[in-house]
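K.L.:
After the sequence you'll find the predicted model.
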Amino acid sequence: MNKDSNNITEIISVLNFDHAWTLRERLLVTVACPIFGCLMNGFFISAFFVEDDLKKIGLVFQALIGLSDIIVTMGVIPTSAVLLLSGQSDSKSVCNALQFFTEASTYSYSIFFAMMSLETFYRQCRSHKDYDGFISKIDIIVVNVLVLTFGTAASGVYLGLDYDCCYRSHSGNYTFRIVTSLVFHVIPSFITIYCSVCACMEMRFNAKICRPCRMSHQYKNDRNGHYANIVAFVLYAGGWMPYLISVYWYPFTSDSHFYRSVWIGIARSVVTSFVYGVLDRNFRRAYGYLFQYCFCKSLIKRRMVRRHMQAAEYYAATEEVHLRMGHHNRSRRPALCPRRDTP
């Protein structure tokens, strides 16, 4: 909405999209995005429970970035679809709530991504003692990050300290906005870039001097995961860059351009998990198993029953052979303590 000096004229809504689009086009976007996003983000989080190579305590930050994205795909975008289907315009309270969840999700994603890069740096470039010390503080780091991000987002939205994305009636407190930009965007981006570059250089150096390391399974997993993290970070930075440019450099741009930049950043949360499935074979293997389990459950159940029956028959036959071999060996083995004849 655009606020004039005397009246408020509705041009475009942050939740209902540009009214130049038809209702069918807006519904297609707001329904297709959460369905695909929830499916892929759900697969992303579930992959850490079904894939052995992902069941590591150090990858908890990577799982949390998927949880940050699922807040948007399960809460923010579906609300727009509900408003479009109901035919109602968005209210101030609903818009503030969605702005709060979007900002909290974005802040959490940025810091958890930096922590994930820092974990990779400790694993690749530091000693085992330093890495274990970092891993032992994961629970404290996660709690502090969640309290900081959600508390800052709530203060900015409900105390009027942040930019008003709903009515664009005020620009908020500039000191608060500069501090939040440094804490949640600039510093995490610097940590991510520095740790990623150092880890990549260390990994390539080890592969260069050690040929068995280059051919190992762990090296291939680290390389694929590193490439996927780089692409995900580029998508995150590129997705929210139009919004940051609009807020800081062009605060008086038209509502159409502003809200389109917001939705570019929101839509980024839909595709990141899919990128991991394309570039990382661990996630690709986990996605394949989860897809078969969710959509071909009867087929998998028949396969599993047949596999269990074959395994049971195999173990039964193996046990019978072992029993026969043990009986045969005992019959041929000489007595350890020969029986002494009594007079």
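P.N.:
That came through, no problem.

K.L.:
if I look at R268, how far off is V275?
P.N.:
For R268, the distance to V275 (CB to CB, to the nearest Å) stands at 10 Å. In this view, the C-beta of every residue, glycine as well, is placed from N, C-alpha and C.

K.L.:
Quickly list what's touching both of those two.
P.N.:
Residues touching both R268 and V275 (CB atoms under 8 Å, 6 or more residues apart in numbering): L235.

K.L.:
Of the two, give the one with the bigger neighbour count.
P.N.:
Shown here are R268 and V275; by other CB atoms under 10 Å, R268 has more neighbours (20 against 17).

K.L.:
Can you list the low-confidence ranges for the protein?
P.N.:
Scanning the chain for pLDDT under 70 picks out 1-20, 88-90, 214, 297-343.

K.L.:
for the residue nearest the centre of it, what are its contacts?
P.N.:
Nearest residue to the geometric centre of the chain (CA atoms, centre = their mean): G66, 2.1 Å. Neighbouring residues of G66 by CB under 8 Å, 6+ apart: 41, 44-45, 273.

K.L.:
I245 too?
P.N.:
Applying CB under 8 Å, 6+ apart, the residues near I245 are S261.

K.L.:
Tell me the secondary structure at it.
P.N.:
helix (DSSP: H, G, I helix; E, B strand; the rest coil).

K.L.:
ok, it to V186 distance?
P.N.:
I245 is 15 Å from V186, by CB to CB.

K.L.:
Next, the buried residues of whichever strand or helix holds P34.
P.N.:
According to DSSP states H and E, P34 maps onto helix 23-50. For helix 23-50, a neighbour-count test (16 or more other CB atoms under 10 Å) marks 26-27, 29-31, 33-34, 37-48 as buried.

K.L.:
quick revisit: out of the contacts of G66, what pair is the most spread apart?
P.N.:
Largest separation among the contacts of G66 by CB to CB: I45 and S273, giving 8.6 Å.

K.L.:
Looks like R281 contacts D222 (just checking).
P.N.:
No. Checked against CB atoms under 8 Å, the pair R281 and D222 is beyond contact range at 11.9 Å.

K.L.:
ok, these two, which is more surrounded?
P.N.:
Taking other CB under 10 Å, R281 and D222 do not tie; D222 has more neighbours (19 against 16).

K.L.:
Follow the chain on from the helix holding P34 and name the next helix or strand.
P.N.:
Next element after helix 23-50 (DSSP H and E): helix 60-71.

K.L.:
relative orientation of that next one and helix 23-50 in degrees?
P.N.:
Using axes from the mean of the first three to the mean of the last three CA atoms, to 10 degrees, the inter-axis angle of helix 60-71 relative to helix 23-50 is 160 degrees.

K.L.:
list the buried ones in helix 60-71?
P.N.:
Residues of helix 60-71 classed as buried: 60-66, 68-71 (neighbour count, 16+ other CB under 10 Å).

K.L.:
Ok, stretch 113-129 next?
P.N.:
Judged by neighbour count using 16+ other CB under 10 Å, the buried positions of stretch 113-129 are 113-124.

K.L.:
from these, which ones fall inside helices?
P.N.:
Those of the buried residues of stretch 113-129 mapping onto helices are 113-124, per DSSP state H.

K.L.:
for the stretch 151-300 of the chain, what spans make up the helices?
P.N.:
Secondary structure of the stretch 151-300 of the chain (DSSP state H, counting those that start in this stretch): helices at 174-181, 187-209, 211-214, 217-248, 255-279, 281-295, 297-332.

K.L.:
The ones you listed: which one's closest to C95?
P.N.:
That would be helix 255-279 among those, by CB to CB, at 11.3 Å.

K.L.:
How far does that closest one sit from its chain's centre?
P.N.:
In terms of CA atoms, centre = their mean, to the nearest Å, the centre of helix 255-279 is set 13 Å apart from its chain centre.

K.L.:
quick one, domains of this structure?
P.N.:
Residue ranges for the domains of the chain, per automatic domain parsing: 2-295, 299-329.

K.L.:
Can you tell me which of the ones you listed is most buried?
P.N.:
Each of the domains of the chain was assessed for mean neighbour count using mean count of other CB atoms under 10 Å. The highest is domain 2-295, with a mean of 17.

K.L.:
hang on, the earlier thing: distance of the residue nearest to the centre of the chain from Y287?
P.N.:
12 Å.

K.L.:
Equivalent analysis for G58, please.
P.N.:
21 Å.

K.L.:
Equivalent analysis for N229, please.
P.N.:
Between N229 and Y287 the computed distance is 17 Å (CB to CB).
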